[in-house]
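Asks: this one's sequence-less:
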């Protein structure tokens, strides 16, 4: 870990001591947003009971947060170029903290939903630019290691969310789940204001029409995916999907004509970037699908208790936490596309092994299969993220960061929706895991297609690194 904060002559990024503070600010901000997603789910029954609403209405406490966050990721990535990433990150953290305090003090569902939407906007502002800030903070030679650390934080957040939520609810009421963000957020704010790199703003205007179309496109899509998972009438789902498709077509048309497009389509001309995005989306479909399908498989089909089910899930994020940083370091030295492809192959084998799981088996047999999935995903994500961020010019980092975050969210939502479709059709739960394995197989082929070009790019980086010291003046 100490090598992440060493400074060599000719390094870009921040010096070592400032790097530590900036990374701590990013870790705290990311943890709050990620932990919130899984932590609040445990409190929904208590929220419904205390506020006197149905469980179906209480679900919107989590849904609205996720939809608001997902719909604005691309918008905030573009806004950061106008106001600077440091200012946007601080503003997003401030909004998240204020909204958390408001949610803790809410005494009606309507008020709570307003503050949850504002929390989602604050989370979108921080998550949309997080990967690009890692690229700005760390020298290029450590980009893979930095993104491995990011994967560790996200996996740790998802893994610890239920435990933190359960611990808080065992000694306090649900408003304290939101109040917990306030002191952590204030610490992150101080660190972010002090340590995040200052940078000039981009001159020029903002693509307001493109932003409106982007929010409409993504918001409608996520409402449709949420409707599939909750049994919404088919005509409403189709209406949301149609709205998303129309807005998406108009959005692409707008991006080709705008002088300062919200999402520069030139990013996708870089083959390594496009293939990395495709592999990421397909892999997250597999992960999102597996997380929901395994809950049904373990509890409804195999008869495990919720506590036993939680233990069976543990190897997945734990393996990511252990393997992610190592995969990031290896991506700085080896071909990242080859590492990512190997991880996808392991993830696919893990999902297939779960699909073939004997329903009468014990806990141990499920643990190693879930661990294999986590091992594969941990080996895949940091090298693949390095490819996404490293294959575009530095000035396009914020746009690439927004695409990365949006791809992750879209993939997970599609995976969850596919489980709903299969269960509604009466298909066995394990059939959905075969679909997840198929998505990972497609991701494997997409990742494998860029192995040679990634190897050539890495060789060029190594040559440049060797030549850099000799070009310095005496």
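Replies: That came through, no problem. No experiment lies behind these values; they were computed from the predicted model shown.
Asks: tell me what whichever strand or helix holds residue 97 is packed against?
Replies: Following DSSP states H and E, one finds residue 97 within helix 85-104. Using 3 or more Cβ pairs under 8 Å, 6 or more residues apart in numbering; DSSP states H and E, the elements in contact with helix 85-104 are helix 16-39, helix 73-83, helix 109-127, helix 130-137, helix 175-179, helix 181-195. In this view, the C-beta of every residue, glycine as well, is placed from N, C-alpha and C.
Asks: any weak-confidence spans in the stretch 51-200 of the chain?
Replies: Across the stretch 51-200 of the chain, the ranges flagged by pLDDT under 70 are 155, 159-160, 162-163.
Asks: related to what we said a few turns ago, which one, of the helices and strands packed on helix 85-104, ends up nearest to residue 266?
Replies: helix 73-83 (14.3 Å; Cβ to Cβ).
Asks: Quick check: buried residues in the closest one?
Replies: 73, 74, 75, 76, 77, 78, 79, 80, 81 (16 or more other Cβ atoms under 10 Å).
Asks: Check stretch 208-217 too.
Replies: Buried residues in stretch 208-217 (16+ other Cβ under 10 Å): 210, 211, 212, 213, 214, 215, 216, 217.
Asks: Let me know the helix or strand that the third one is in.
Replies: Element membership of residue 212 [criterion: DSSP H and E] is helix 208-229.
Asks: Check the offset of that helix from the chain's centre.
Replies: Distance of helix 208-229 from its chain centroid, counting by Cα atoms, centre = their mean, to the nearest Å, is 17 Å.
Asks: elements contacting that helix?
Replies: helix 60-71, helix 73-83, helix 234-257, helix 397-424.
Asks: So residue 341 is in contact with residue 451, correct?
Replies: Yes - between residue 341 and residue 451 a contact is recorded at 6.5 Å, counting by Cβ atoms under 8 Å.
Asks: Between these two, tell me which one has more neighbours.
Replies: Under the neighbour definition other Cβ atoms under 10 Å, residue 341 and residue 451 were set side by side, and residue 341 has more, 26 against 17.
Asks: ok, residue 80 - contacts?
Replies: With contacts defined as Cβ atoms under 8 Å, 6 or more residues apart in numbering, residue 80 is in contact with 88, 128, 129, 132, 398.
Asks: Quickly check these for the two that are furthest apart.
Replies: So for these, where distance means Cβ to Cβ, the most widely separated pair is 88 and 132, at 10.8 Å.
Asks: how about the closest residue to residue 413 other than its chain neighbours, what does it touch?
Replies: Distances taken as Cβ to Cβ, 6 or more residues apart in numbering place residue 225 nearest to residue 413, at 4.2 Å, with adjacent residues excluded. The neighbours of residue 225, taking Cβ under 8 Å, 6+ apart as the test, are 413, 414, 416, 417.
Asks: again, only this time at 10 Å
Replies: Remark: with contacts taken as Cβ atoms under 10 Å, 6 or more residues apart in numbering, residue 225 is in contact with 66-67, 70, 237, 240-241, 244, 288, 409-410, 412-418, 420.
Asks: From what I see, residue 224 and residue 233 are in contact.
Replies: No - between residue 224 and residue 233 there is no contact under Cβ atoms under 10 Å: 11.8 Å.
Asks: Can you report how many residues neighbour the residue lying closest to residue 125 once chain neighbours are set aside?
Replies: Once flanking residues are discounted, residue 125 sits nearest to residue 92: 2.6 Å by Cβ to Cβ, 6+ apart. Residue 92 has 26 neighbours, counted by other Cβ under 10 Å.
Asks: Next one: residue 92 relative to residue 33, how far apart?
Replies: 9 Å (Cβ to Cβ, to the nearest Å).
Asks: Find residues that contact each of those two.
Replies: With Cβ under 10 Å, 6+ apart as the test, residue 92 and residue 33 both reach 122, 123, 124, 125, 126, 127.
Asks: which among those gets closest to residue 368?
Replies: For the shared contacts of residue 92 and residue 33, the nearest to residue 368 is residue 127 (32.0 Å; Cβ to Cβ).
Asks: Hmm, that closest one is touching residue 30, no?
Replies: Yes - between residue 127 and residue 30 there is a contact at 7.1 Å, judged by Cβ under 10 Å.
Asks: if you count what's nearby, which of those two comes out ahead?
Replies: Between residue 127 and residue 30, counted using other Cβ under 10 Å, the more crowded position is residue 127 (28 against 20).
Asks: residues touching the more buried one, list them.
Replies: 29-30, 33-34, 69-70, 72-73, 76-77, 92, 154, 401-402, 404-406, 408-409.
Asks: Report the contact partners of the nearest residue to residue 67 once chain neighbours are set aside.
Replies: Distance criterion Cβ to Cβ, 6+ apart; nearest residue to residue 67, sequence neighbours excluded, is residue 222 at 4.7 Å. When the contact criterion is Cβ under 10 Å, 6+ apart, the partners of residue 222 are 63, 66-71, 240, 244, 409-410, 413, 417.
Asks: Farthest-apart pair in the residues you listed, please.
Replies: Between all members of the contacts of residue 222, the farthest pair (by Cβ to Cβ) comes out as 68 and 417, at 18.4 Å.
Asks: pretty sure residue 71 contacts residue 220?
Replies: Yes - the criterion here is Cβ under 10 Å, and residue 71 meets it with residue 220 at 8.8 Å.
Asks: list residues touching both of those two?
Replies: With Cβ under 10 Å, 6+ apart as the test, residue 71 and residue 220 reach no residue in common.
Asks: Show me the helices in the stretch 351-474 of the chain, by range?
Replies: 363-390, 397-424, 429-448, 451-467 (DSSP state H, counting those that start in this stretch).
Asks: Tell me which of these sits most buried.
Replies: helix 363-390 (a mean of 25; mean count of other Cβ atoms under 10 Å).
Asks: Check the offset of that helix from the chain's centre.
Replies: 14 Å.
Asks: and if you look at stretch 61-69?
Replies: 14 Å.
Asks: Repeat that for stretch 189-205.
Replies: With Cα atoms, centre = their mean as the basis, the mean position of stretch 189-205 lies at 22 Å from the chain mean.
Asks: In three-state terms, label residue 263 for me.
Replies: For residue 263, the assignment made with DSSP: H, G, I helix; E, B strand; the rest coil gives coil.
Asks: if you skip the residues just before and after it, what's nearest to residue 389?
Replies: Per Cβ to Cβ, 6+ apart, closest to residue 389 is residue 135, 5.2 Å.
Asks: How about residue 332?
Replies: residue 144 (4.1 Å).
Asks: How about the contacts made by residue 282?
Replies: Contacts of residue 282 by Cβ under 10 Å, 6+ apart are 344, 407, 411, 414-415, 436, 438-447.
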